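>>> A predicted structure for the sequence below; I have some questions about it.
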Amino acid sequence: MTRICIYGAGAIGGYLAASLAEAGAEVSIVARGPHLAAIQRSGLTLRKDGAEKTYPIRATDNPAELGVQDYVIVAMKAHAVPSVVGQFAPLLDAHTAIVPAVNGIPWWYFYGARTMTALDDTWLESVDPNGAQWKAFGPERAIGCVVYPACEVAEPGVIAHNRGDRFTLGEPDGSESSRVRILSELMIAGGLKAPRKARLRDEIWIKLWGNSSFNPVSALTGASLDIIGADAACRQLVYDIMVECKQVGEAVGARFVVDIEKRIKGGTDIIGHKPSTRHDVELGRPMEIDPLISSVLELARRLDIDTPNLDAVAALLRLQGQVLGLYERNPEMERRILPSRVAAND
């Protein structure tokens, strides 16, 4: 039986855990707090499509209790992972795959990327400070994953599925591997869509397109995507940020198979939806700024690409996070992402 540990069983991690348990995998969870206590006491409950089902999944806050896994799916917010990489060691042996189910540019992105730039086989400091994950995990373990579903923790131990079922998977080198095939088949057996893509990085950028534009505008204004789209000036700002993001993505080999207007429409057609960064603000959680926005700016600086619109909203977002106590400023990292005219006056 395939052993899968979900490290960070919040909304997305819990949804994955329930789905993979439904498929017959041996699933375990690393969680904490009231959510962990509820799962240990009563199991993990998934509410989906008007039905409710509870799964008796092993849960702990101590990975050493779980033993070696075939897959470790990391479902924490990306910025929270580097500080806990040492805790993964009991879950890993030579064959264990690590699947970062995170937003933004993943820490493994430039492993075998063949972009013909100085970025190949390196990490981004904004995503993986000091290469903590790259060094501790090893990029050869990574399986790419682009996450689309929207879920929430309705109450401790209970995951409510709102929409979406797709988790796109792929090897960093684009190959068709048995480990990706096995995981994909398990996800599908559990009721998910899990296509395997040779050019997963293209899909990462299509999603990041929205994360780097809609997320900061919503976080700063409190507006849902449809309201942003209905405001001519804000819609134009989103468009301009997407132009800049596309330039950066194409510079590292990404292909954008959707035009900007269609990508904007795909977001603004969703009535009442606020992206995750706005939810961070409203719920008082640490803001996910660096994987979604600072990573694009770090790439832009290293590739000498101007991003004035993204620079401006990122500056406001960092300050908002600092004032609200939801984002810890890192002067050294900021020097990497500030445009030269600002860094010179810093």
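Perfect, I can see it now.

>>> residue 54 and residue 46, how far apart?
With distances taken as Cβ to Cβ, to the nearest Å, residue 54 is found 8 Å from residue 46. Placement of C-beta: from N, CA and C, glycine included.

>>> which intervals of this protein have sub-threshold pLDDT?
Segments of the chain classed as low confidence (criterion: pLDDT under 70) are 341-346.

>>> which SS class is residue 99?
Following DSSP: H, G, I helix; E, B strand; the rest coil, we place residue 99 in the strand state.

>>> same deal with residue 27?
Classification of residue 27 by three-state DSSP places it in strand.

>>> could you chop this protein up by domain?
Dividing the chain into domains by automatic domain parsing, as the record does, gives the ranges 3-198, 202-343.

>>> circling back: so for residue 54 and residue 46, which sits in the more crowded spot?
With other Cβ atoms under 10 Å as the criterion, residue 54 and residue 46 differ in neighbour count, and residue 46 comes out ahead with 23 against 14.

>>> name the nearest residue to that one, ignoring sequence neighbours.
Distance criterion Cβ to Cβ, 6 or more residues apart in numbering; nearest residue to residue 46, sequence neighbours excluded, is residue 18 at 3.9 Å.

>>> quick one: the one you found is in a strand?
No. Under the criterion used here (three-state DSSP), residue 18 is helix, not part of a strand.

>>> contacts only, for it.
Under the criterion of Cβ atoms under 8 Å, 6 or more residues apart in numbering, the contact list for residue 18 reads 44, 46, 53, 55, 57, 159, 190.

>>> can you rerun that using 10 Å?
Residue 18 sits next to 6, 9, 27, 43-48, 53-55, 57, 151, 159, 161, 190-191 when contact means Cβ atoms under 10 Å, 6 or more residues apart in numbering.

>>> hang on, residue 180 packs against residue 171?
Yes. Using Cβ atoms under 10 Å, residue 180 is in contact with residue 171, at 5.8 Å.

>>> which element is residue 160 on?
Counting by DSSP states H and E, the element that carries residue 160 is strand 158-163.

>>> so what sits against both of residue 180 and residue 171?
Here residue 180 and residue 171 have 97, 143-144, 196-197, 200 as joint contacts, going by Cβ under 10 Å, 6+ apart.

>>> mind listing the shared neighbours of residue 54 and residue 46?
In terms of Cβ under 10 Å, 6+ apart, residue 54 and residue 46 are both contacted by the residues 18, 158.

>>> quick one: the strands in the stretch 101-250 of the chain?
If you assign secondary structure with DSSP state E, counting those that start in this stretch, the strands in the stretch 101-250 of the chain sit at 144-147, 150-155, 158-163, 167-170.

>>> turn these into TSV, columns for mean neighbour count and distance to residue 84.
As requested, these are exported to TSV (neighbours: other Cβ atoms under 10 Å; distance: least, Cβ to Cβ, whole Å):
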stretch	mean neighbour count	distance to residue 84
strand 144-147	22	19
strand 150-155	16	20
strand 158-163	18	22
strand 167-170	23	22
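
>>> out of those, which comes closest to residue 208?
For these, the distance to residue 208 is smallest for strand 144-147, at 9.4 Å, taking Cβ to Cβ.

>>> neighbouring strands for the closest one, and are they parallel or not?
Strands flanking strand 144-147 in the sheet, each with its direction: strand 167-170 (antiparallel) (DSSP bridges).

>>> what does the strand it pairs with rub up against?
So strand 167-170 is in contact with 12, 15-16, 19, 73, 99, 101, 143-149, 176-177, 179-181, 183-184, 187-188, 192-204, 207, going by Cβ under 10 Å, 6+ apart.

>>> from those, which land in helices?
Here DSSP state H is the test, and these give 12, 15-16, 19, 179-181, 183-184, 187-188, 200-204, 207 as lying in helices.

>>> now list the buried members of the residues you listed.
Those of the ones in helices among the contacts of strand 167-170 that meet the buried threshold are 12, 15-16, 19, 179-180, 183-184, 187-188, 200-204, 207, by 16 or more other Cβ atoms under 10 Å.

>>> and of the residues you listed, the nearest to residue 93?
Of all those, the one sitting nearest residue 93 is residue 179; the distance, using Cβ to Cβ, is 13.7 Å.
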